[in-house]
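[1] My questions are about this predicted structure, shown below with the sequence.
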Amino acid sequence: MSDGVFVYVTFATANEAERLGRRAIEANLAACVNVLPAHQSIYRWNDKIESTSEHIALFKTAKASENALREWLENNHSYDCPCIASIDITKLNSDFQAWLQPKPAF
């Protein structure tokens, strides 16, 4: 078992994903954020089937920071109902696990 968590989040724009990713790192809530290229999402919203382009951001963080990161994302995300899903990491190399741990603020 490791102390790492990936927090998967979808965003309407790459700009929002990058902005919130940078702010999460500045706030010491995540060690790294990967913003992936646009993909097509198909979903049901307000009893209609919708299709739109979205961006995925994968926030890499320590288990100790997970709840604070999730709460922060919920409070800062533009969607009414954002997808914020935690994925526990079961195996992680020790150097990367140590790097994920929160660091003192600048």
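    Looks like it arrived, so ask away.
[2] residues of the lengthiest strand in the chain that come out buried?
    Longest strand of the chain, by residue count under DSSP state E: strand 48-62. Buried residues in strand 48-62, counted by 16 or more other C-beta atoms under 10 Å: Glu54, His55, Ile56, Ala57, Leu58, Phe59, Lys60, Thr61, Ala62. Any C-beta I mention is one placed from the backbone N, CA and C, and that applies to glycine too.
[3] got the angle between the host helix or strand of Arg22 and strand 48-62?
    Counting by DSSP states H and E, the element that carries Arg22 is helix 14-26. Taking axes from the mean of the first three to the mean of the last three C-alpha atoms, to 10 degrees, one finds that helix 14-26 is oriented at 30 degrees with respect to strand 48-62.
[4] Does anything pack onto helix 14-26? Which helices or strands?
    Using 3 or more C-beta pairs under 8 Å, 6 or more residues apart in numbering; DSSP states H and E, the elements in contact with helix 14-26 are strand 4-11, strand 32-35, strand 48-62, helix 66-76.
[5] Looking at the most centrally placed residue in the chain now. What's its pLDDT?
    The centroid of the chain falls nearest to Phe59 when counting by C-alpha atoms, centre = their mean (3.7 Å). Phe59 carries a pLDDT value of 98.
[6] Enumerate every residue touching it.
    For Phe59, the contact set (C-beta atoms under 8 Å, 6 or more residues apart in numbering) comprises Phe6, Val7, Tyr8, Val9, Gly21, Ala24, Leu29, Ala30, Cys32, Val33, Leu69, Leu73.
[7] Quick one: distance of stretch 62-71 to the chain centre.
    Put simply, stretch 62-71 sits 10 Å off its chain's centre (C-alpha atoms, centre = their mean, to the nearest Å).
[8] what does stretch 79-98 give?
    Chain-centre distance of stretch 79-98: 8 Å, with C-alpha atoms, centre = their mean.
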